[in-house]
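**Q** Provided below for reference: sequence and predicted model.
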Amino acid sequence: MKRYVYLFIISVSVIFFSCDNCRYLECAVSNLAINISLTEKLTGKDLLFGPDAKYDAENVIFYSVENRDTILHSKDIFKFPKTNYDTIIQVSLLKNSEKVYVQWEAGKVDSFDISYQSYRSRCCGVLTGIQTLLYNKVNTHYKEYYLTELTE
């Protein structure tokens with residue numbers, strides 16, 4: 001009888017300690033993306049897309065400079081669901097660059113100053129996201145997964 005009690009206790013212990021809440025969890029990657037639109041401050045006209053576009057969105061370049069290396073950040077152009085599917089640019093930062101430049105056209109370069117926040121999650125290790133985003137030294141009130149509306 002004692003043997004069955006010990007066997008029961010060991011079985012329950014194995015089952016209890018083998019449960020892993022993280023086992024089937026798909027971890028999100030760090031979010032280092034910025035969704036942006038650019039409009040004219042007074043009229044609200046879209047400066048990147050549509051008939052009144054001032055800049056060619058296909059030719060806009062996002063880059064960082066580290067030491068003597070230039071790091072190009074990728075961009076995608078797509079319709080953003082949270083804005084009734086207006087077309088925007090999504091910039092995917094390749095690393096935690098604190099200063100990112102955007103070249104709208106030859107001779108027209110602006111900058112983003114970016115700070116990051118990292119946190120440790122129980123199941124997924126360390127995740128990093130953008131904490132603040134300044135556009136030409138002005139706070140954009142950045143919110144993760146939302147649209148950052150820039151004006152000129």
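**A** Ah, there it is.
**Q** which regions of the protein sit below the pLDDT cut-off?
**A** For the chain, applying pLDDT under 70 flags the ranges 1-20, 82-85, 145.
**Q** so where do the helices sit in it?
**A** If DSSP state H is used as the criterion, the helices of the chain fall at 2-18.
**Q** So in it, which strand runs the longest?
**A** Secondary structure of the chain read by DSSP state E shows that its longest strand is strand 108-121.
**Q** In PDB, list the C-alpha atoms belonging to that one.
**A** Provided in PDB are the C-alpha atoms of strand 108-121 (Å, rounded to 0.1, in the frame of the first residue of the first chain):
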ATOM      1  CA  LYS A 108      15.600  67.300 -48.000                       C
ATOM      2  CA  VAL A 109      16.700  65.300 -44.900                       C
ATOM      3  CA  ASP A 110      14.900  65.100 -41.500                       C
ATOM      4  CA  SER A 111      15.700  63.100 -38.400                       C
ATOM      5  CA  PHE A 112      14.100  60.900 -35.800                       C
ATOM      6  CA  ASP A 113      15.500  60.700 -32.300                       C
ATOM      7  CA  ILE A 114      14.500  57.300 -30.800                       C
ATOM      8  CA  SER A 115      14.600  55.900 -27.300                       C
ATOM      9  CA  TYR A 116      13.900  52.300 -26.600                       C
ATOM     10  CA  GLN A 117      12.500  50.300 -23.700                       C
ATOM     11  CA  SER A 118      13.500  46.700 -23.000                       C
ATOM     12  CA  TYR A 119      11.800  44.300 -20.700                       C
ATOM     13  CA  ARG A 120      12.200  40.700 -19.700                       C
ATOM     14  CA  SER A 121       9.300  38.500 -20.300                       C
END
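**Q** who's in contact with that strand?
**A** Strand 108-121 is contacted from outside by 27, 32, 34, 55, 93, 96-104, 126-137, using Cβ atoms under 8 Å, 6 or more residues apart in numbering. Where you see a C-beta, it was placed from the backbone N, CA and C, and this is true even at glycine.
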